[in-house]
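Student: Provided below for reference: sequence and predicted model.
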Amino acid sequence: AQLMSRGLPKQKPIPGVKHVVVVASGKGGVGKSTTAVNLALGIAASDQVKAVGLLDADVYGPSIPRMMNLKGNPELSKNNLMIPLVNYSIKCMSMGFLVEETAPIVWRGLMVMSAIEKLLRQVDWGELDYLVIDMPPGTGDVQLSISQNVPISGAVIVSTPQDIALVDARRGAEMFQKVNVPILGLVQNMSVFQCPKCNHETHIFGEEGARRLAETLGFDVLGDIPLHINIRETSDQGRPVVVSDPQSSEAKAYLKIASEVL
Ligand code: ADP
């Protein structure tokens, strides 16, 4: 806290990148990566946007390679920068491209930050309108360092409506506010389960929790994403719902969020 009151360390922009949007969550497993992927694709679908990048900063459990159906090692450019792997027109970079999927990585704090620094800056991103960063879950030093290291246009916070997830989401929001990162709003994920057979709706994680939290903290709810098997299956298959089934109501929920972010 003292460090913050003395002013923030200097943030260095990433050359060529206009806007950095981070997708964060207070805890794991709430759908942060799924949101980051579909948000990046949703942003790229807009007429106003030419190029989008996606950085997987979740070095502990990189899931972008699988969700974007990408693998392999990035080649190096003439200036020795890593060339991002591309699918669905999104330039992607992830620790998962640099290490074997099965290789256990024992990270120490500083290593994590230097790995993320490399994934951010030693990459030939080219000209990007938006770089979406899938943050590691939680609100520790790594999240704080990223926020202090690059100028961030805004943060999207993903939470389920469940109380415990909301407590963590609140902590996340407060962290961003402390380092002056604008919070674009909250995504309420898995808000309602719609039975694919009978269309009955169940609020498995409670109802409207994220909405109330957003109201208390004074920021917007960018959208609600239903708990839907189509989202899980398409993610696992590496063909995210926004590209594989853009007319579905699940895809439209992500597209709405993208339009709020733009
Ligand atoms: P996190 O990044 O927060 O750890 P993930 O995005 O990896 O979470 O999601 C965790 C699991 O939940 C994944 O298997 C994903 O496919 C699934 N999932 C996420 N959001 C939804 C949703 N709205 N409906 C169904 N499954 C979802």
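Tutor: The structure has been received and is ready for your questions.
Student: going forward, measure contacts and count neighbours with C-alpha atoms only.
Tutor: Fine.
Student: Check which helix or strand the closest residue to residue 167 other than its chain neighbours maps to.
Tutor: Closest residue to residue 167 in three dimensions, ignoring its sequence neighbours and counting by CA to CA, 6 or more residues apart in numbering: residue 26, at 7.8 Å. Secondary structure assigned from DSSP states H and E places residue 26 in neither a helix nor a strand.
Student: and residue 91, how far is that from residue 40?
Tutor: 10 Å (CA to CA, to the nearest Å).
Student: Can you pull the residues of the stretch 1-150 of the chain lying near the ligand?
Tutor: Residues of the stretch 1-150 of the chain found near the ligand (CA under 6 Å from any ligand atom) are 28, 29, 30, 31, 32, 33, 34.
Student: what about the helices in the stretch 101-250 of the chain?
Tutor: Counting by DSSP state H, counting those that start in this stretch, the segments of the stretch 101-250 of the chain that form helices are 109-121, 141-149, 163-178, 209-217, 229-236, 241-244, 249-261.
Student: picking that back up, can you list which of the residues of the stretch 1-150 of the chain next to the ligand are found in helices?
Tutor: In helices, defined here by DSSP state H, the members of those are 32, 33, 34.
Student: and the residues you listed as a markdown table, adding neighbour count and distance to residue 76?
Tutor: Shown next, in a markdown table, are these (neighbours: other CA atoms under 10 Å; distance: CA to CA, whole Å):
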| residue | neighbour count | distance to residue 76 |
| --- | --- | --- |
| 32 | 24 | 29 |
| 33 | 27 | 26 |
| 34 | 24 | 28 |
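Student: Out of those, flag the one nearest to residue 157.
Tutor: Minimum distance to residue 157 across these is 8.1 Å, recorded for residue 32 (CA to CA).
Student: doesn't residue 38 make contact with that closest one?
Tutor: No: counting by CA atoms under 8 Å, residue 32 sits too far from residue 38 to count as a contact (10.1 Å).
Student: between those two, what contacts are shared?
Tutor: Listed contacts common to residue 32 and residue 38 are nil; contacts here mean CA atoms under 8 Å, 6 or more residues apart in numbering.
Student: gap between the closest residue to residue 220 other than its chain neighbours and residue 200?
Tutor: Closest residue in space to residue 220, ignoring its immediate chain neighbours: residue 185 at 4.7 Å, by CA to CA, 6+ apart. Taken as CA to CA, the spacing of residue 185 relative to residue 200 amounts to 28 Å.
Student: elements contacting the longest strand seen in the chain?
Tutor: The residue-count maximum for a strand in the chain (DSSP state E) belongs to strand 183-194. Counting contacts by 3 or more CA pairs under 8 Å, 6 or more residues apart in numbering; DSSP states H and E, strand 183-194 is packed against strand 154-159, helix 163-178, strand 201-202, helix 209-217, strand 221-227.
Student: In a markdown table: those, plus mean neighbour count and mean pLDDT.
Tutor: Rendered in a markdown table, the data for those read as follows (neighbours: other CA atoms under 10 Å; pLDDT from 0 to 100):
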| stretch | mean neighbour count | mean pLDDT |
| --- | --- | --- |
| strand 154-159 | 27 | 94 |
| helix 163-178 | 18 | 82 |
| strand 201-202 | 14 | 87 |
| helix 209-217 | 17 | 78 |
| strand 221-227 | 22 | 92 |
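Student: of the ones you listed, which approaches residue 134 most closely?
Tutor: Distance to residue 134, taken as CA to CA, is lowest for strand 154-159 among the helices and strands packed on strand 183-194, at 10.0 Å.
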